[in-house]
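[1] what would the 3D arrangement of this be:
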Amino acid sequence: MKHKLLKIAAAASAATGIFLSLGWPFFELTVHCRTKRDVKKWFRLSQMKVNHPRYKFEKEYEAGKAWCQGQAMQDCHIRSADGLLLHASFFPAKDAERIVVLCHGYKGSSFGDFANIARFLHEHKCSLLFIDQRCCGESEGEFITFGAKEQYDIQAWAWYMAGKNKNKLPIYLYGESMGAAAVLMAAGHRLPREVRGLIADCGFRSMRGQLQDLAAKWFHLHWIGLLLFRVDLFCRLLGGFRMKDADTAKALKTNKRPVLFFHGEKDTYVYMKNSVHNHALCRAPKELAIISEARHLCSAYEQPELYRKKLLHFFNTYDKTSSNEASRYIYGTSRP
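    The predicted structure follows:
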């Protein structure tokens, strides 16, 4: 009897191991990534290559990134709620009129993701805080949480800048890709009064939805519901978060700060439907600018004049407007 029970236990253990192991490679590839080698592997396996600005705008991308790298910036550090040391670079502007917190995307960098817009912002009197998301750049971390924990990091950076903001300048939270999703999630938490608005360029709606799109349309995987169930188990057991924590819906339904959405119509990395859905959920003053021909992170490259005009209009509208007064303004969807 004892021998039979041991055999049953061994079989159950083996079955559990096989069940979990089928989700492990996808978890390792998407969530548990730290080294440059991992990033290169992702870049090679995914469709990111054709969506990345380098694919069509390499000259502009490299010039903008080089400009960022060539500036003398101040190193800033905070501790995350779970104890990680997070890093950012602050670049003050002369006679600054506002502060913009730049939140890069998945496995990216602020110098890269904002390469084509950072100089323009700085020249238009924006002091810039380039944050390194957890697990990226000089910030600590082992897991990318698709906004589940990054939203609290961004909230902490907003309060950090508010504490340094002696002139009470308006603050804007500006995210690209996963950074955009995390900015929208952060809007559901208590933020400083100086935060006047949010800018979300090509952000996704949820971690589950984004991984589902990747699994189905990039890697052509089957049994996706079961796969994501396994990934969620690893997120809970190892990463200390749940996939459902990375979702913009709840925050957008309560957020009162104005939001400027951008999305490229030909984005096949984060599909345009995500921003359409986020825009529909948002109950605050809002605008969705859909940029034709633009792929992921490429809206500011594809139509720079329109993109910059909308940014400046957004700033000029809300720089001196409180979040309560902002509700008077109504925005819609625009296509160039």
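
[2] burial count for the nearest residue to Ala249 once chain neighbours are set aside?
    Nearest in space to Ala249, with sequence neighbours left out and distances taken as CB to CB, 6 or more residues apart in numbering, is Leu281 at 5.8 Å. Every residue, glycine included, has its C-beta placed from N, CA and C. Residue neighbour count, defined by other CB atoms under 10 Å, stands at 17 for Leu281.

[3] quick one: contacts for Leu281?
    248-249, 252-253 (CB atoms under 8 Å, 6 or more residues apart in numbering).

[4] among those, which ones are buried?
    248, 252 (16 or more other CB atoms under 10 Å).

[5] now, which of the contacts of Leu281 lie within helices?
    249, 252-253 (DSSP state H).

[6] buried ones in stretch 229-237, by neighbour count?
    Neighbour counts over stretch 229-237 (16+ other CB under 10 Å) mark 230-232, 234-235 as buried.

[7] who is Phe262 paired with across the strands?
    Beta-bridge partners for Phe262, by DSSP bridges, are Asp201, Ala289.

[8] does it touch Cys298 like I think?
    No. Contact status for Phe262 versus Cys298: not in contact, 10.2 Å apart, counting by CB atoms under 8 Å.

[9] quick check: pLDDT value at the residue nearest to Ala249.
    According to the prediction, Leu281 has pLDDT 97.

[10] likewise His3?
    Listed pLDDT for His3 reads 55.

[11] give the closest residue to Cys135 in space, chain neighbours not counted.
    Nearest non-adjacent residue to Cys135 (CB to CB, 6+ apart): Gly141, at 3.6 Å.

[12] so what's the residue count around Gln212?
    Gln212 has 16 neighbours, counted by other CB under 10 Å.

[13] what residues does it make contact with?
    224, 228.

[14] next one: Ala158
    101, 171, 173, 186, 191-192, 195.

[15] re earlier: next, count neighbours for the residue nearest to Cys135.
    21.

[16] was I right about it contacting Leu84?
    Yes. Shown here, Gly141 and Leu84 form a contact pair, counting by CB under 8 Å, at 5.2 Å.

[17] which residues are in contact with each of these two?
    Arg134.

[18] now, among the buried residues of stretch 229-237, which is nearest to Lys94?
    Of all the buried residues of stretch 229-237, Lys94 sits closest to Cys235, with 44.2 Å by CB to CB.

[19] and the closest one, helix, strand or coil?
    What DSSP: H, G, I helix; E, B strand; the rest coil gives for Cys235 is helix.

[20] so the protein: which segments form each domain?
    1-30+207-245, 47-206+246-334 (automatic domain parsing).

[21] now, the contacts of Ala158 that are in strands?
    Using DSSP state E, 101, 171, 173, 195 are the members of the contacts of Ala158 that sit in strands.

[22] quick one on the thing from earlier: of the ones in helices among the contacts of Leu281, which is the nearest to Met161?
    Checking those against Met161 with CB to CB, the nearest one is Leu252 at 22.6 Å.

[23] surely the closest one and Ser275 touch.
    No. Look at Leu252 against Ser275 with CB under 8 Å: they stay out of range, at 11.4 Å.

[24] on that earlier part again, between Phe262 and Cys298, which contacts overlap?
    Contacts common to Phe262 and Cys298, judged by CB under 8 Å, 6+ apart, are Ile291.

[25] circling back to that earlier point, take the buried residues of stretch 229-237 and lay them out in TSV including pLDDT and distance to Asp267.
    As requested, the buried residues of stretch 229-237 are arranged in TSV below (pLDDT from 0 to 100; distance: CB to CB, whole Å):
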residue	pLDDT	distance to Asp267
Arg230	93	28
Val231	94	23
Asp232	96	25
Phe234	96	28
Cys235	96	25
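
[26] so who does Cys298 touch?
    With CB under 8 Å, 6+ apart, Cys298 has these contacts: 51, 53, 56-57, 264, 267, 291.

[27] nearest to Gly112 among those?
    Pro53 (8.3 Å).

[28] picking up where we left off before, among the contacts of Ala158, which ones are buried?
    101, 171, 173, 186, 191, 195.

[29] wait, the fifth one touches Ile154, no?
    To tie it back to what came earlier, the one meant is Leu191. No. Taking CB under 8 Å as the definition, Leu191 is not a contact partner of Ile154, at 9.2 Å.

[30] where does the stretch 1-150 of the chain dip in pLDDT?
    1-22, 34-48 (pLDDT under 70).

[31] and the helices in it, which stretches?
    2-21, 24-30, 36-45, 48-51, 54-69, 110-113, 118-123, 150-164 (DSSP state H, counting those that start in this stretch).
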